[in-house]
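Asker: coords please:
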Amino acid sequence: MTPKNSSVFSTRRSLLVASAVTLAAPLVLRAQSPAKVIRIGSPDLGTAGKPSPGGSVVAVLQANKWLEDEFAKDGIKIEWNFFRGAGPAVHEALSAKQLDVVSLGDLAAVIGRARGLPTRFIAATGRGSNSYLATAPGVSIKTVADLKGKKVTVLKGTAYQRTFDNLLATAGLTEKDVKLINMDWPTSKAAVVAGQIDATFGGSDLFLLKAQGAQIALSTKGRGPDHTINSGILATEDFAAQNPQLTQRLVTQLVRAAHWSSQEGNREALIKLYADNSGNPELSFREELAGDNLNARYSPLLDEGFIAGYQGVLDDGVKLGLIRQTFDVKAWFQPAFVQQAVKDLKLDKQWRETDAAGKAKGAA
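Answerer: Model (predicted):
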């Protein structure tokens, strides 16, 4: 894919002024030539030949074609790109300037920013998702300690690597205590069913393997924020700065999808949408969302609690040796787009902001 040309201002002074205005107030109108295509990238969490962003607000956007409908009147196309290589593959495409907007789990997003990828965090798409360990037929793993010496696959560079490492730590183990193999999700699923490995660690799509004799032996449910995954939408700095109006319209549609996903009355419809869109069984999404408050899970707000969670991911990444360079996490976030969308859609009372400890503000 070839990057499209950015807006060109007639003088160096006007370019500097426009850039400064954009950083201070991203919603200010600017003279520009809008992009003709918005290139969106996401890890591929689908199966059975159905590329999909999995179970998130982004899947609601994709399935309903709300972005396509929003931009069709301007002749702007939406281009979806799904990567079996997950976060690392998305990073490569970002480095090659082949994407404008990406959907990523927390560790992958943080690793990319720490390595210098010029992105801005523009909206949350999910909070507190869990991870699971699927074991090969006949393999008995009942506790985290049982993982010692076992042959386990994890797709490195994704959010699951952090939760796996934190899970190991609860039993005093590290990656060195298991025979860890870096393998993409489709390959690892086939390997565990065939008994070529003892277990694989990943998302709720692993419930698909139960029909083939695998078992879900462990999960991170109920283990606290260090064992859950947040996700969000990032835009490249160039795209957000040069196309603030398009970025705002995209985020507004995302907030619309978050509102629909947050309704308890839509739970069954949401599960069905996820299953139909991804090819994964309804069981996997039903198990994952069981007991969750949908309004809290799908809040798009870039509030103190959400940002603090990403600071925790960065700190964990450094401690675990997954990240070498740090950065200013708070400065990475650009909440103005979501704030404007919430105001425009009259959803000011829909979601409660969380404090740095992750608790809803105003809660007893």
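
Asker: any low-confidence regions in the stretch 1-150 of the chain?
Answerer: 1-34, 48 (pLDDT under 70).

Asker: Break down it into its helices, ranges please.
Answerer: In the stretch 1-150 of the chain, the helices defined using DSSP state H, counting those that start in this stretch lie at 12-24, 57-64, 66-72, 86-95, 106-114.

Asker: Is it possible to get a markdown table of those that adds mean neighbour count?
Answerer: Where C-beta positions appear, they are placed from N, C-alpha and C, glycine not excepted. Listed next are these as a markdown table, based on neighbours: other CB atoms under 10 Å:
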| stretch | mean neighbour count |
| --- | --- |
| helix 12-24 | 12 |
| helix 57-64 | 24 |
| helix 66-72 | 17 |
| helix 86-95 | 20 |
| helix 106-114 | 26 |
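
Asker: Just send those helices back as JSON lines, with distance to Lys361 too.
Answerer: Below are these laid out as JSON lines (distance: least, CB to CB, whole Å):
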{"stretch": "helix 12-24", "distance to Lys361": "26"}
{"stretch": "helix 57-64", "distance to Lys361": "22"}
{"stretch": "helix 66-72", "distance to Lys361": "29"}
{"stretch": "helix 86-95", "distance to Lys361": "31"}
{"stretch": "helix 106-114", "distance to Lys361": "22"}
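
Asker: Those helices: which one's closest to Val329?
Answerer: helix 106-114 (8.0 Å; CB to CB).

Asker: that older thread, quick check: which of the helices of the stretch 1-150 of the chain is nearest to Gly222?
Answerer: Nearest of the helices of the stretch 1-150 of the chain (CB to CB): helix 106-114, 18.8 Å.

Asker: Kindly format the C-alpha coordinates of that closest one as PDB.
Answerer: Output of helix 106-114 as PDB, limited to C-alpha atoms (Å, rounded to 0.1, in the frame of the first residue of the first chain):
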ATOM      1  CA  ASP A 106      -2.500  -2.600  25.800                       C
ATOM      2  CA  LEU A 107       1.000  -4.300  25.700                       C
ATOM      3  CA  ALA A 108       1.300  -4.200  21.900                       C
ATOM      4  CA  ALA A 109       0.300  -0.500  21.900                       C
ATOM      5  CA  VAL A 110       2.800   0.400  24.600                       C
ATOM      6  CA  ILE A 111       5.600  -1.600  23.000                       C
ATOM      7  CA  GLY A 112       5.000   0.200  19.700                       C
ATOM      8  CA  ARG A 113       5.100   3.700  21.300                       C
ATOM      9  CA  ALA A 114       8.100   2.800  23.400                       C
END
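
Asker: List the contacts of that helix.
Answerer: 43, 86-88, 90-91, 94, 104, 119, 121, 157-162, 229-232, 234, 309-310, 313-314, 317, 322-327, 329, 332 (CB atoms under 8 Å, 6 or more residues apart in numbering).

Asker: filter those residues to the buried ones?
Answerer: 43, 86-88, 90-91, 94, 104, 119, 121, 157-162, 229-232, 234, 309-310, 313-314, 317, 322-323, 329, 332 (16 or more other CB atoms under 10 Å).

Asker: Kindly calculate the angle that the longest strand seen in the chain makes with helix 86-95.
Answerer: Looking across the chain with DSSP state E, the single longest strand is strand 119-129. Angle, strand 119-129 to helix 86-95, by axes from the mean of the first three to the mean of the last three CA atoms, to 10 degrees: 170 degrees.

Asker: Just the angle for strand 119-129 relative to helix 106-114, thanks.
Answerer: 160 degrees.

Asker: Show me which residues of strand 119-129 are buried.
Answerer: 119-129.

Asker: where does the stretch 251-364 of the chain dip in pLDDT?
Answerer: 363-364.

Asker: can you give me the helices for it?
Answerer: Under DSSP H, counting those that start in this stretch, the stretch 251-364 of the chain gives helices at 267-278, 282-289, 294-297, 304-319, 329-332, 336-344.

Asker: Pull the distance from the fifth one to the chain's centre.
Answerer: In this case it means helix 329-332. Centroid displacement of helix 329-332 relative to its chain, using CA atoms, centre = their mean, to the nearest Å, is 17 Å.

Asker: Kindly report the same for the second one.
Answerer: Going by CA atoms, centre = their mean, the spacing between the C-alpha centre of helix 282-289 and its chain's C-alpha centre is 18 Å.

Asker: No further queries at this time; thank you.
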